[in-house]
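Undergrad: give me coordinates for this.
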Amino acid sequence: MIHFFVNPSNTVYGVQTQEDLAQEDISKLNWLFGNAKKLDKQTLSDYYVGPRAAMITPWSTNAVEITQNMGIQGILRIEEFQPVSAEFTE
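TA: The predicted structure follows:
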């Protein structure tokens with residue numbers, strides 16, 4: 001299951017979990033991601049740049065370890081995505 005969080009600077013965090021998140025864990029992630037809000041979407045329709053789906057980044061490994069230290073269990077992966085325009089080609 002993937003949950004999406006967006007912070008005030010429009011950075012999106014994709015959080016892959018084994019099961020649904022408890023409200024307390026969502027509050028902790030909101031704080032961790034810089035006042036992010038959980039989106040009620042399963043997919044994103046805008047354009048974003050981030051890591052490839054098949055490659056877990058070292059950033060993700062560190063982020064998951066931080067959430068474990070915060071007492072949040074069941075997170076498999078966290079990745080960060082930046083919004084871009086539809087014309088983005090880099």
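Undergrad: can we go C-alpha only for contacts and neighbour counts from here?
TA: Will do.
Undergrad: any idea which helix or strand comes after the helix or strand of the chain with the lowest mean pLDDT?
TA: Sorting the helices and strands of the chain by mean pLDDT, DSSP states H and E puts strand 48-49 at the bottom, at a mean of 90. For strand 48-49, the following helix or strand on the C-terminal side (DSSP states H and E) is helix 58-69.
Undergrad: who's in contact with that next one?
TA: Helix 58-69 is touched from outside by 73, 75, 76, 77, 78, 79, with contacts defined as CA atoms under 8 Å, 6 or more residues apart in numbering.
Undergrad: and it, what's buried?
TA: The neighbour-count check on helix 58-69 (16 or more other CA atoms under 10 Å) flags 60, 63, 64, 65, 67 as buried.
Undergrad: quick one: which of these is nearest residue 18?
TA: In terms of CA to CA, no member of these lies closer to residue 18 than residue 64, at 12.8 Å.
Undergrad: quick one: pLDDT of the closest one?
TA: We have a pLDDT of 97 for residue 64.
Undergrad: next up, phi/psi of the spatially closest residue to residue 11 that is not a sequence neighbour, please.
TA: What sits nearest to residue 11 in space, not counting adjacent residues and going by CA to CA, 6 or more residues apart in numbering, is residue 82, at 5.1 Å. Phi and psi for residue 82, reported as degrees, to the nearest 10, are phi -110, psi 140.
Undergrad: now residue 6
TA: Dihedral angles for residue 6 - degrees, to the nearest 10 - are phi -130, psi 130.
Undergrad: try residue 24
TA: The phi/psi pair for residue 24 (degrees, to the nearest 10) reads phi -60, psi -40.
Undergrad: which residues does it contact?
TA: Listed by CA under 8 Å, 6+ apart, the contact set of residue 24 is empty.
Undergrad: in this structure, which spans are helices?
TA: Taking DSSP state H as the test, the helices found in the chain are 23-32, 58-69.
Undergrad: isn't residue 77 up against residue 56?
TA: Yes: the pair residue 77 / residue 56 is scored as a contact, 7.4 Å apart, by CA atoms under 8 Å.
Undergrad: who's more crowded, these two?
TA: Per other CA atoms under 10 Å, whichever of residue 77 and residue 56 has more neighbours is residue 77, with 20 against 14.
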